[in-house]
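Colleague: Prediction below, plus the sequence it came from.
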Amino acid sequence: MPRIYDLHCHSDQSDGILSPEALVSRAKRQDVDVLALTDHDTTIGLQRAREQAEIEGLEFIHGIEFSCLWQGRGIHLVALNIDPDHPALVELVAEQSAVRQERAQTIADKLAALDMPDALQGARKYAGDGVIGRPHFAAFMVEKGYCKNVRQAFKKYLGSGKVGDIKQAWPQLEAVAACVRESGAVPVLAHPSKYNMTRTKLCAMVDAFKASGGLALEVVSGMQQQSVTQDLAKIANEYNLFASCGSDFHAPDQQWQELGKFSPMPDNVEAVWAYWE
Ligand code: AMP
Ligand code: MN
Ligand code: MN
Ligand code: MN
């Protein structure tokens, strides 16, 4: 039986629902053999997850998902096998955290101007002691009845191009890729099919990513169409990149993003774990 690698998921230290411990236990129950925790812009949950993975007998990879910008678009970069104490990485994470705080205030100001006051406090309640993000604002907006569900909150206020989509302060993709690589970790371009780009644009981004030290493309992200997987595999091979896979799990009630359950990796790619195993 081939081992199951899930190299992208979230705990309640960012916008996931489960604690790092509960996440690892669930991964074990889902027959995951190798798990990477990749919370948004934070490494806080890694130690707890690693300790739980030792208890459960699961191989654990230290990861993180960085928010960045490329040609004005919000792009995500997963870093695998990170050293959370590497000075360059520590500095980058601290900067991301500062950007997130400021951005949360800006989002709250924008919402206040639309007669949705006190959103920062409201969203913080959902973020708990984890880093704050748009899903926490969405939860607050649903709670207050401003939107009927999270999807609508993104569609009307928080999603791409809407008033609460504040991304200008994120660092450039190239800079993040270079920093991650310099720290000895593996930069992976996350869920390439989720950016609504033309193929030409996507390839231009992949080219820039690779030139800055990028090593892998997330060829499989959750359940996705076979044609998408095949095309991403082709791009990975064209640019000589490794292929990664992961569920992008956030919460137990999202069946299309369940731990360990995603479309199969095509066999014509070089899996990213070949890089470190
Ligand atoms: P942030 O990290 O604050 O930029 O928030 C981005 C996160 O919001 C993503 O990682 C997803 O988990 C979530 N998200 C993005 N778009 C949507 C959407 N349309 N509906 C629900 N959640 C979304
Ligand atoms: Mn998320
Ligand atoms: Mn993402
Ligand atoms: Mn993610």
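Modeller: Yep, that arrived. Ligands and ions are numbered 1, 2, ... in the order given.
Colleague: Could you measure from the closest residue to ligand 1 within the stretch 101-250 of the chain over to residue 244?
Modeller: Using C-beta to the nearest ligand atom, residue 133 is the residue of the stretch 101-250 of the chain that sits closest to ligand 1, at 2.8 Å. Just so you know, the C-beta spots here come from the backbone N, C-alpha and C atoms, and that holds for glycine as well. Distance of residue 133 to residue 244, computed by C-beta to C-beta, to the nearest Å: 22 Å.
Colleague: Check which helix or strand the residue of the chain most remote from its centre maps to.
Modeller: Distance to the chain centre peaks in the chain at residue 115, reaching 30.7 Å (criterion: C-alpha atoms, centre = their mean). Using DSSP states H and E, residue 115 falls within no helix or strand.
Colleague: mind listing what it touches?
Modeller: Contacts for residue 115 (C-beta atoms under 8 Å, 6 or more residues apart in numbering) come out as none.
Colleague: in the chain, which spans are strands?
Modeller: Under the criterion DSSP state E, the chain contains strands at 5-6, 34-37, 59-70, 73-80, 186-189, 216-221, 242-246.
Colleague: Out of those strands, the one nearest residue 164 is which?
Modeller: Ranking the strands of the chain by proximity to residue 164 (C-beta to C-beta) places strand 73-80 first, at 12.1 Å.
Colleague: The closest one: partners in the sheet, and parallel or antiparallel?
Modeller: strand 59-70 (antiparallel), strand 186-189 (antiparallel) (DSSP bridges).
Colleague: Wondering if the first one reaches ligand 3 at all.
Modeller: No - interface with ligand 3: strand 59-70 contributes nothing (C-beta under 5 Å from the ion), its closest point being 5.6 Å away.
Colleague: Please apply the same query to the last one.
Modeller: No - using C-beta under 5 Å from the ion, no contact is recorded between strand 186-189 and ligand 3, whose separation bottoms out at 10.6 Å.
Colleague: Mind listing residues that contact that strand?
Modeller: So strand 186-189 is contacted by 7, 75, 77-81, 176-177, 180-181, 205-206, 209, 213-218, 241-242, 244, 272, 275-276 (C-beta under 8 Å, 6+ apart).
Colleague: hmm, try it at 7 Å
Modeller: If you take C-beta atoms under 7 Å, 6 or more residues apart in numbering as the criterion, strand 186-189 is touched by 77-81, 177, 180-181, 206, 209, 213-218, 244, 272, 275.
Colleague: ok now it, how far from the chain's centre?
Modeller: Strand 186-189 sits 11 Å away from the centroid of its parent chain (C-alpha atoms, centre = their mean, to the nearest Å).
Colleague: Start at 39, not 1
Modeller: All set: I'll call the first residue 39, so the last point we hit is now strand 224-227.
Colleague: could I get the strands of the chain as a markdown table with mean pLDDT?
Modeller: A markdown table is the format used below for the strands of the chain (pLDDT from 0 to 100):
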| stretch | mean pLDDT |
| --- | --- |
| strand 43-44 | 98 |
| strand 72-75 | 98 |
| strand 97-108 | 98 |
| strand 111-118 | 98 |
| strand 224-227 | 99 |
| strand 254-259 | 98 |
| strand 280-284 | 98 |
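Colleague: Serialize those to CSV and add fields for mean neighbour count.
Modeller: Listed next are the strands of the chain as CSV, based on neighbours: other C-beta atoms under 10 Å:
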stretch, mean neighbour count
strand 43-44, 24
strand 72-75, 28
strand 97-108, 22
strand 111-118, 23
strand 224-227, 29
strand 254-259, 26
strand 280-284, 26
